[in-house]
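K.L.:
pasting the sequence and the predicted model now:
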Amino acid sequence: MAVAERIVFQPYVSGTRGGLKAGVAVVCRSVEEARRRAEKAMAGGSVVGGQIVRILADEEAGDYGEPEFVAVYGRVPEQA
């Protein structure tokens with residue numbers, strides 16, 4: 001299988017004691033679709049932040065490239 005680009009919107013919701021909890025990640029067809037989903041989720045009020053991540057993956061071989069953080073919305077965990 002060839003290497004494919006994956007675009008993921010990762011939302012975050014409020015966790016216990018003001019922390020953040022990862023919501024269900026959404027695989028999108030494009031960065032534009034991910035931006036629309038992020039903006040809609042943020043407007044809904046239950047999501048406090050999110051990240052759009054692009055990654056190159058050869059899922060058949062189990063090879064994944066380094067994630068590229070395309071956009072950040074609201075509150076997200078700090079990057080290590």
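P.N.:
Right, received. Where do you want to start? Just so it is clear, the structure is predicted and the values come from calculations on it, not from any experiment.
K.L.:
so what's residue 64 bridging to?
P.N.:
residue 57 (DSSP bridges).
K.L.:
wait, it touches residue 54, no?
P.N.:
No - the criterion here is CB atoms under 8 Å, and residue 64 misses it with residue 54 at 11.7 Å. From N, CA and C alone the C-beta is placed, and that goes for glycine too.
K.L.:
and the strands in the chain?
P.N.:
4-14, 20-22, 26-28, 49-58, 63-64, 68-74 (DSSP state E).
K.L.:
ok, which of those comes nearest residue 43?
P.N.:
strand 68-74 (10.4 Å; CB to CB).
K.L.:
partner strands of that closest one, with direction?
P.N.:
strand 49-58 (antiparallel).
K.L.:
pLDDT (mean, whole number) over the partner strand?
P.N.:
Strand 49-58 comes out with an average pLDDT of 95.
K.L.:
which other helices and strands does the lowest-mean-pLDDT helix or strand in the chain contact?
P.N.:
Least confident element among the helices and strands of the chain, by mean pLDDT, DSSP states H and E: strand 63-64 (a mean of 89). Under the contact criterion of 3 or more CB pairs under 8 Å, 6 or more residues apart in numbering; DSSP states H and E, strand 63-64 touches strand 49-58.
K.L.:
let me know the angle separating the strand it packs on from strand 4-14.
P.N.:
Here strand 49-58 points in a direction 160 degrees away from that of strand 4-14 (axes from the mean of the first three to the mean of the last three CA atoms, to 10 degrees).
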